[in-house]
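*Asks:* fold the following, please.
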Amino acid sequence: MPECDVHLVEAVTYLALAPKSNAIYKARLAAAKDVKETIDEPVPLQIRNAPTKLMKGLGYGKDYQLAHATKDKLTTMKTMPTSLEGHEYYLPTSQGHEDRFKARLEQIKQWHEKHPE
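*Replies:* Below you'll find the predicted structure:
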């Protein structure tokens, strides 16, 4: 403050005028429910950080794939616990920009169909 107040007002105005959808809200509720029901599920080894030799030896970070380094910016790496694979949380509507998000999610699904693990 006071330099940031104009930025905050701009953000509030943008959010106030943006088309509304409750798809994100529903996604958050569904994800929170799964978190509560699967709280003891381990984080997959490939997305665990391996700052020590022991962790590296246990397989932490093994087979990690960096999407930024691929042509399509996508990978076949599994990042969900096995019991949650296939769960979808965000189901975009046709509100606002969500048509674009829906199209992108469809492109990602099609890519994964062509590039199974």
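*Asks:* list the contacts of the longest helix anywhere in the chain.
*Replies:* The longest helix of the chain (DSSP state H) is helix 98-114. For helix 98-114, the external contacting residues (CB atoms under 8 Å, 6 or more residues apart in numbering) are 21, 23, 72, 74, 76, 90, 92-94. Bear in mind the C-beta positions are built from the backbone N, C-alpha and C, glycine included.
*Asks:* so where's this protein uncertain?
*Replies:* 1 (pLDDT under 70).
*Asks:* picking up where we left off before, of the contacts of helix 98-114, which is the most crowded?
*Replies:* Counting neighbours by other CB atoms under 10 Å, the top entry in the contacts of helix 98-114 is Pro92, with 20 neighbours.
*Asks:* that one and Lys26 touch, don't they?
*Replies:* No - using CB atoms under 8 Å, Pro92 makes no contact with Lys26, being 10.5 Å away.
*Asks:* for Gly61, which non-adjacent residue is closest in space?
*Replies:* Ala50 (4.0 Å; CB to CB, 6 or more residues apart in numbering).
*Asks:* what's the burial count for the one you found?
*Replies:* By the other CB under 10 Å criterion, the neighbourhood of Ala50 contains 16 residues.
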